[in-house]
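Participant: give me the fold of what follows.
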Amino acid sequence: MAQFAELFQEADWKKEKHVPVIEAPDSVAAGEKVTVGARVGAEIAHPNTTEHHIRWIALHFKPDDDKFSFQLSQSDFSAHGEAVKGPNEGPAYTEPTTQATVMLKSSGTLFATSYCNIHGLWESQKRISVS
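Facilitator: Have a look, this model is predicted:
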């Protein structure tokens, strides 16, 4: 039986348009408010059409000294040009980018996951040190 983790794809975000790119400092002070984010299509644009789009991005934090991760945010992208007139005829498109302001008490790893309606689940990670 397959495990859920096996469904995630990984790649270099400079070569693959589906990987969520984490935007966060390498280090922060404990308890300091910091904005972290992720976006898909940083180097190579991902399509944003009715037929092919990023549906959501989620951010998680796994502290070094804890067994579990903590979900920081999830952003759903709902407008991809759909309209009564037909596909890609709509007046609005949401871009796959998200941000959250957080306070961290310990060092750990940020994880970003995204979902493409055609190519499935993707993930990336970034270490963040807290002093």
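
Participant: now the strands for the protein?
Facilitator: 20-23, 27-28, 33-40, 54-63, 70-76, 97-103, 108-116, 120-130 (DSSP state E).

Participant: and residue 48, which of those is closest to it?
Facilitator: Nearest of those to residue 48, taken as C-beta to C-beta: strand 54-63 at 7.4 Å. (Each C-beta comes from the backbone N, C-alpha and C, glycine too.)

Participant: buried ones in that closest one?
Facilitator: Within strand 54-63, the residues scored as buried using 16 or more other C-beta atoms under 10 Å are 54, 57-61, 63.

Participant: circling back: looking at the strands of the chain, spot the one closest to residue 87.
Facilitator: Closest to residue 87 of those, according to C-beta to C-beta: strand 54-63, at 15.7 Å.

Participant: hang on, the earlier thing: could you dump the strands of the chain to CSV with distance to residue 89?
Facilitator: CSV is the format used below for these (distance: least, C-beta to C-beta, whole Å):
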stretch, distance to residue 89
strand 20-23, 28
strand 27-28, 44
strand 33-40, 23
strand 54-63, 20
strand 70-76, 22
strand 97-103, 24
strand 108-116, 22
strand 120-130, 27
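
Participant: out of those strands, which gets nearest to residue 7?
Facilitator: strand 120-130 (5.1 Å).

Participant: and the strands of the chain as JSON lines, adding mean pLDDT and distance to residue 47?
Facilitator: JSON lines is the format used below for those (pLDDT from 0 to 100; distance: least, C-beta to C-beta, whole Å):
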{"stretch": "strand 20-23", "mean pLDDT": "95", "distance to residue 47": "16"}
{"stretch": "strand 27-28", "mean pLDDT": "97", "distance to residue 47": "34"}
{"stretch": "strand 33-40", "mean pLDDT": "96", "distance to residue 47": "10"}
{"stretch": "strand 54-63", "mean pLDDT": "97", "distance to residue 47": "9"}
{"stretch": "strand 70-76", "mean pLDDT": "97", "distance to residue 47": "18"}
{"stretch": "strand 97-103", "mean pLDDT": "97", "distance to residue 47": "15"}
{"stretch": "strand 108-116", "mean pLDDT": "96", "distance to residue 47": "9"}
{"stretch": "strand 120-130", "mean pLDDT": "95", "distance to residue 47": "14"}
